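Enquirer: Below is the sequence, then the predicted model.
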Amino acid sequence: MDTQKILEVTAVEAHLDKTHPPTLHVTATGNASSGSQQNPRLERREYVEFPADGIQEYDFLIDGSAGPGTDDIKSHEVEDFWQNPPAELKGARVYAQTNSKEDAI
């Protein structure tokens, strides 16, 4: 099954839960180009060195092709929880096929 970025991301919300350990909670909403696509998820990008701008990047992925199937655009909401993010974390950015959105913590 093909995996690709979702068509578009429509909203991103990021906040740092002050639990022990601290946890970054990211919620993203986006539209898939076909109702037959399934298994939406956020995939956190991994770095050798954390980005200087402090923004953690994610890819909003979904399984299935945008080809035959229902032609209805379908909305999906996904979450990611990351324990012990770097102290220099300032927000999250989520990438789709056609755009990206970010939110500061």
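Expert: Received it, and whenever you're ready, just let me know what you need. Residues are numbered from 1 along each chain as shown.
Enquirer: show me where pLDDT drops low in this protein?
Expert: Within the chain, the stretches with pLDDT under 70 are 1, 66-71.
Enquirer: Just say helix, strand or coil for T98.
Expert: coil (DSSP: H, G, I helix; E, B strand; the rest coil).
Enquirer: The nearest residue to W82 once chain neighbours are set aside: what's it in contact with?
Expert: Distances taken as CB to CB, 6 or more residues apart in numbering place L24 nearest to W82, at 4.3 Å, with adjacent residues excluded. C-betas here are computed from N, CA, C, even on glycine. By CB atoms under 8 Å, 6 or more residues apart in numbering, the contact set of L24 is A14, H15, L16, D17, Q56, D80, F81, W82, P85, L89, A92, I105.
Enquirer: The first one contacts G91, correct?
Expert: Yes: look at A14 against G91 with CB atoms under 8 Å: they come within range, at 5.6 Å.
Enquirer: tell me the strands in the protein, going along the chain?
Expert: Assigned by DSSP state E, the chain shows strands spanning 3-5, 8-17, 23-32, 38-44, 55-63, 74-83, 91-95, 100-104.
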